[in-house]
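[1] Give me the fold of what follows.
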Amino acid sequence: MNLLQLFRCLAGEHKANERRVRLTYNGWRARCRGCGRKMVRFNDGWMLHR
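    Here you go, the predicted model:
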């Protein structure tokens with residue numbers, strides 16, 4: 001996890017770790033660089049998984 005990105009996560013600016021992206025049966029999945037939360041990719045970009 002990236003410490004600088006962690007501060008951005010606290011402000012709501014999550015960014016996917018593009019080195020560890022995987023394709024599953026229902027879309028692209030990754031984890032946030034700063035906080036490690038699960039993310040999913042939609043047509044308009046990456047969002048946190050609910």
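[2] buried sites along the helix or strand harbouring residue 6?
    According to DSSP states H and E, residue 6 maps onto helix 3-10. Residues of helix 3-10 classed as buried by neighbour count (16 or more other C-beta atoms under 10 Å): 5, 8-9. In short, each C-beta sits where N, CA and C put it, glycine included.
[3] Can you name the residues that contact residue 13?
    By C-beta atoms under 8 Å, 6 or more residues apart in numbering, no residues touch residue 13.
[4] pretty sure it is in a strand, no?
    No: counting by DSSP: H, G, I helix; E, B strand; the rest coil, residue 13 falls outside a strand, being coil.
[5] measure it to residue 23 for me?
    Per C-beta to C-beta, to the nearest Å, residue 13 is found 25 Å from residue 23.
[6] Using PDB, list the CA coordinates for the helix holding residue 6.
    Extracted C-alpha coordinates of helix 3-10, given in PDB (Å, rounded to 0.1, in the frame of the first residue of the first chain):
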ATOM      1  CA  LEU A   3       1.200   6.000   2.100                       C
ATOM      2  CA  LEU A   4       0.600   9.000  -0.100                       C
ATOM      3  CA  GLN A   5      -2.300   7.300  -1.800                       C
ATOM      4  CA  LEU A   6      -3.700   6.400   1.600                       C
ATOM      5  CA  PHE A   7      -4.200  10.100   2.400                       C
ATOM      6  CA  ARG A   8      -5.900  10.500  -0.900                       C
ATOM      7  CA  CYS A   9      -8.200   7.700   0.000                       C
ATOM      8  CA  LEU A  10      -9.200   9.500   3.100                       C
END
